[in-house]
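**Student:** okay, predicted coordinates and the sequence, questions at the end:
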Amino acid sequence: MNTRFDVIVVGGGHAGVEAAWAAANRLSKPSSVALVSIDASKIGVMSCNPAIGGLAKGQLVREIDAMGGVMGLLADATGIQFKVLNTSKGSAVHGPRCQSDNIAYAKVAQAMIHDRSEIEVIEGTVEAIETQPTDDHSTAAQAVTGVRIMHNGQERVLESPSVVVTTGTFMSALMHMGDQKTEGGRHGEKAATGISRSLNALGFELGRLKTGTPPRLAIDSIEWDQLPVEVGDDEPVPFSELTPGGWQLGTTNCDRFPLIEQVTCRQSSTNIEAHDIIRQNLDRAPMFTGQIESQGPRYCPSIEDKVVRFHERNAHGVFLEPESHSSDWVYCNGIATSLPSDVQDEIIKRMPGCANAKIVQYGYAVEYDMVRPHQIYTTGQTRAVRGLFFAGQINGTSGYEEAAAQGLIAGLNAAMLADEGDDYEGFSFGRDEAYMGVLMDDLVTKTPREPYRMFTSRAEHRLILRADNAPDRLTPIAHKLGLLDHDLGQQRWALYTQRQTVLEHGRTLLDQTRDREKTIAQRLLDPDYTVENLIAAIEPALGEQPAGIWRTLHSDKRYEPYIERQKGQIKRASEIEHRPLPDWIDYNQLDSMRTEARQALSKFRPTTFGQASRLEGVTPADVTLLSVLVKRARAAQRELARE
């Protein structure tokens with residue numbers, strides 16, 4: 001068994017899978033990537049909600065796919081209900097989502113990982129990050145050399161110049177249900193404790209966050225047919241460009257990933273009786289007794305938190321979502337909880353359709369260690385240790401999609417560092433290039449007080465960063481970075497070039513084809529001119545095309561004036577946004593700056609003026625003064641060099 005790798009990925013969750021996949025795509029060498037997992041059979045497991053995508057999260061999945069990632073393929077292969085959210089609003093905020101067969105998702109993820117000769121899966125618990133001092137020219141005091149793992153009582157050291165840590169909710173994890181406390185990051189799985197101690201020893205500032213999951217019910221114990229139906233879209237919209245046009249068009253990809261049997265969900269709710277039971281048992285709720293001290297996700301609160309915060313509400317909606325064709329489990333979306341099991345039983349009984357429902361797994365909360373993300377760069381690499389990267393919930397995020405996006409960025413950069421050595425400069429997205437850029441920039445300029453979740457409102461350039469145009473924005477970047485030098489990547493590039501040819505022809509037709517004395521381009525500015533109208537007008541000339549082509553043609557032309565205005569704003573702001581800040585500057589010595597600004601700059605160590613401008617406590621006036629002070633400091637350095 002190998003002990004030397006170009007990249008080591010710690011953890012096999014969504015961040016770990018994407019990190020290993022991206023590194024393998026970039027390196028394209030057999031056994032160049034090690035994926036270390038406590039239990040290889042848990043790689044790709046959906047710990048909580050059996051769904052991929054949603055508002056803003058769907059954009060992330062599309063971007064991951066455009067960069068050669070795997071999440072979109074996994075979602076298309078295992079989706080059992082597809083729906084685009086927010087379709088009543090403009091396309092900039094449309095959110096592709098699918099509910100996945102969670103058992104199939106993990107199986108396909110594992111099969112795809114094992115199919116890559118570049119990736120070697122190794123079982124074990126990482127006990128320590130191995131490092132050594134760097135030379136005097138490095139900004140990091142230490143450089144990673146590998147990891148020390150333990151498996152079946154035996155210790156091994158794996159060597160690598162690049163290590164990506166994606167531990168999810170497992171670092172020093174503690175599960176809570178009532179007054180019961182159990183070590184573990186997921187039901188039935190043990191915690192990773194050694195790595196927290198190792199990161200502490202390396203000087204990282206750790207924090208503590210909390211997440212939770214709801215109970216699961218047996219479907220045959222629910223009055224399923226008596227509840228309101230929640231259906232998916234009639235024509236499912238795929239995530240991956242490797243599923244062009246959807247599954248119905250008979251593409252060659254259908255043979256690889258056929259659309260599996262779709263399901264319907266059901267709607268239920270809590271009620272006044274259930275809320276009264278919760279209030280009567282708050283003295284047994286860990287988050288109210290002080291047993292849980294860390295902060296949970298504000299936008300996905302537990303049911304006991306909802307009842308307290310929204311005391312005027314008599315009911316909260318609950319979506320009952322089948323988890324898999326291979327099990328009878330139903331996910332209760334909307335009632336995450338850490339209340340004792342007997343209280344959960346009583347809550348479920350009060351829900352419509354659930355009087356006789358059987359709980360097959362009770363809800364619980366998990367507290368876990370994370371690393372304050374001001375200690376990383378937007379590449380995912382840590383400031384203190386060269387070659388050490390963090391991705392996923394270790395950086396204070398929530399959600400599969402946020403984790404996967406970070407995994408891709410960290411895996412790519414880890415492979416670039418291993419490949420380029422001292423010439424490595426790193427790669428990251430700007431806020432105007434991708435939601436992934438917004439995500440990473442937010443992490444390094446803000447201290448999460450709760451698990452970070454992506455929203456379309458966080459992206460100031462969302463008209464440009466749509467789900468439909470992700471391949472147009474990002475696939476050329478993936479090609480340039482060497483992420484498409486394999487079979488699937490070559491298919492993706494061929495589809496991209498074909499798409500560009502069709503889009504160019506389509507745009508020409510928009511200007512040439514007339515409808516009611518106007519060109520189609522002019523008609524598209526009418527609010528009531530739909531995608532269906534567009535298809536009817538130019539499909540005879542353009543031919544049958546994937547749905548994504550029509551959505552992009554429609555949105556690009558409809559929002560063209562606003563997009564051009566936004567591009568102008570980006571161009572005007574780009575000079576300050578991308579102007580680098582020297583890493584050697586001592587902000588505490590800039591006495592003419594306000595104390596609050598100096599403290600924020602010292603803590604976050606922004607790499608550009610744009611990042612500095614977004615720090616809490618830094619005003620536009622501070623940025624203007626900083627520009628002057630940096631110029632003076634550089635001039636003083638040049639003067640010293642001449643002497």
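**Tutor:** Structure's in. What do you need?
**Student:** distance from the chain centre to stretch 322-337, please.
**Tutor:** 22 Å (Cα atoms, centre = their mean, to the nearest Å).
**Student:** please tell me how far the residue nearest the centre of the chain sits from residue 610.
**Tutor:** Centroid-nearest residue in the chain, with Cα atoms, centre = their mean: residue 402, separated by 1.4 Å. Between residue 402 and residue 610 the computed distance is 21 Å (Cβ to Cβ, to the nearest Å). C-beta coordinates here come from the backbone N, C-alpha and C atoms, glycine included.
**Student:** show me which helix or strand of this protein is least confident by mean pLDDT.
**Tutor:** Lowest by mean pLDDT, DSSP states H and E among the helices and strands of the chain is helix 253-256, with a mean of 46.
**Student:** can you pull out the strands in the stretch 401-550 of the chain?
**Tutor:** Secondary structure of the stretch 401-550 of the chain (DSSP state E, counting those that start in this stretch): strands located at 514-515, 518-519.
**Student:** worst mean pLDDT among these?
**Tutor:** With a mean of 88, strand 514-515 has the lowest mean pLDDT of the strands of the stretch 401-550 of the chain.
**Student:** list the contacts of the closest residue to residue 535 other than its chain neighbours.
**Tutor:** In space, residue 535 comes closest to residue 550 once its chain neighbours are excluded; the distance is 5.5 Å by Cβ to Cβ, 6 or more residues apart in numbering. Counting by Cβ atoms under 8 Å, 6 or more residues apart in numbering, residue 550 makes contact with 531, 534-535.
**Student:** so where's the stretch 101-250 of the chain shaky on pLDDT?
**Tutor:** Within the stretch 101-250 of the chain, the ranges that satisfy pLDDT under 70 run 136-138, 244-250.
**Student:** and the stretch 501-643 of the chain, by the same measure?
**Tutor:** 643.
**Student:** picking that back up, the residue nearest to residue 535 and residue 419: what is the separation?
**Tutor:** Residue 550 is 39 Å from residue 419, by Cβ to Cβ.
**Student:** can you give me phi and psi for residue 81?
**Tutor:** With angles defined as degrees, to the nearest 10, residue 81 sits at phi -160, psi 120.
**Student:** buried residues, the longest helix along the chain. List them.
**Tutor:** Determined from DSSP state H, the single longest helix within the chain is helix 487-512. Within helix 487-512, the residues that count as buried by 16 or more other Cβ atoms under 10 Å are 488-489, 491-493, 495-496, 499, 502-503, 506, 509-510.
**Student:** what sits against the nearest residue to residue 85 once chain neighbours are set aside?
**Tutor:** Once flanking residues are discounted, residue 85 sits nearest to residue 95: 4.0 Å by Cβ to Cβ, 6+ apart. Residue 95 sits next to 53-59, 84-86, 456, 467 when contact means Cβ under 8 Å, 6+ apart.
**Student:** ok, these vs residue 76, which is closest?
**Tutor:** residue 53 (10.8 Å; Cβ to Cβ).
**Student:** got phi/psi on that closest one?
**Tutor:** phi 90, psi -160.
**Student:** that one against residue 99, yeah?
**Tutor:** No: checked against Cβ atoms under 8 Å, the pair residue 53 and residue 99 is beyond contact range at 9.5 Å.
**Student:** which stretches of the stretch 1-150 of the chain form helices?
**Tutor:** 14-27, 57-66, 71-78, 102-114 (DSSP state H, counting those that start in this stretch).
**Student:** what's the burial count for residue 631?
**Tutor:** By other Cβ atoms under 10 Å, 10 other residues sit near residue 631.
**Student:** which SSE is it in?
**Tutor:** Using DSSP states H and E, residue 631 falls within helix 620-642.
**Student:** and the contacts of that helix?
**Tutor:** Contacts of helix 620-642 (Cβ under 8 Å, 6+ apart): 576, 581-582, 585, 590, 592-594, 597, 601, 609, 612-613.
**Student:** can you flag the buried ones in those?
**Tutor:** Counted by 16+ other Cβ under 10 Å, those give 581, 585, 590, 593, 597, 601, 609, 612-613 as buried.
**Student:** picking that back up, among the strands of the stretch 401-550 of the chain, which comes closest to residue 351?
**Tutor:** Closest among the strands of the stretch 401-550 of the chain, using Cβ to Cβ: strand 514-515, at 51.2 Å.
**Student:** just how off-centre is the closest one within its chain?
**Tutor:** 43 Å.
**Student:** ok, stretch 398-416 next?
**Tutor:** 8 Å.
**Student:** returning to that earlier point: want to throw the buried residues of helix 487-512 into CSV with distance to residue 321?
**Tutor:** Below are the buried residues of helix 487-512 laid out as CSV (distance: Cβ to Cβ, whole Å):
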residue, distance to residue 321
488, 30
489, 33
491, 32
492, 31
493, 36
495, 31
496, 34
499, 33
502, 36
503, 36
506, 37
509, 42
510, 40
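**Student:** and residue 489, how far is that from residue 549?
**Tutor:** Taking Cβ to Cβ, one finds residue 489 at 21 Å from residue 549.
**Student:** for residue 78, same thing?
**Tutor:** Residue 78 sits 25 Å away from residue 549, taking Cβ to Cβ as the criterion.
**Student:** same thing with residue 454?
**Tutor:** With Cβ to Cβ as the criterion, residue 454 and residue 549 are 26 Å apart.
**Student:** between those two, which is the more surrounded one?
**Tutor:** When residue 454 and residue 549 are compared for neighbours, residue 454 comes out ahead with 24 against 21, by other Cβ under 10 Å.
**Student:** give the contact list for the residue nearest to residue 122 when sequence neighbours are not counted.
**Tutor:** Closest residue in space to residue 122, ignoring its immediate chain neighbours: residue 36 at 5.0 Å, by Cβ to Cβ, 6+ apart. With contacts defined as Cβ under 8 Å, 6+ apart, residue 36 is in contact with 8-12, 122-124, 126, 147, 149, 158.
**Student:** now with 10 Å?
**Tutor:** 5, 8-12, 16, 20, 120-126, 147, 149, 151, 158, 163, 165-166 (Cβ atoms under 10 Å, 6 or more residues apart in numbering).
**Student:** those residues in strands, which ones?
**Tutor:** 8-10, 120-123, 125-126, 147, 149, 151, 158, 163, 165 (DSSP state E).
**Student:** ok, which stretches of the stretch 201-350 of the chain are strands?
**Tutor:** 206-213, 216-218, 229-230, 265-269, 317-322, 329-333.
**Student:** quick one: those as JSON lines, columns for mean neighbour count too.
**Tutor:** Output for these, formatted as JSON lines (neighbours: other Cβ atoms under 10 Å):
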{"stretch": "strand 206-213", "mean neighbour count": "21"}
{"stretch": "strand 216-218", "mean neighbour count": "20"}
{"stretch": "strand 229-230", "mean neighbour count": "13"}
{"stretch": "strand 265-269", "mean neighbour count": "21"}
{"stretch": "strand 317-322", "mean neighbour count": "20"}
{"stretch": "strand 329-333", "mean neighbour count": "23"}
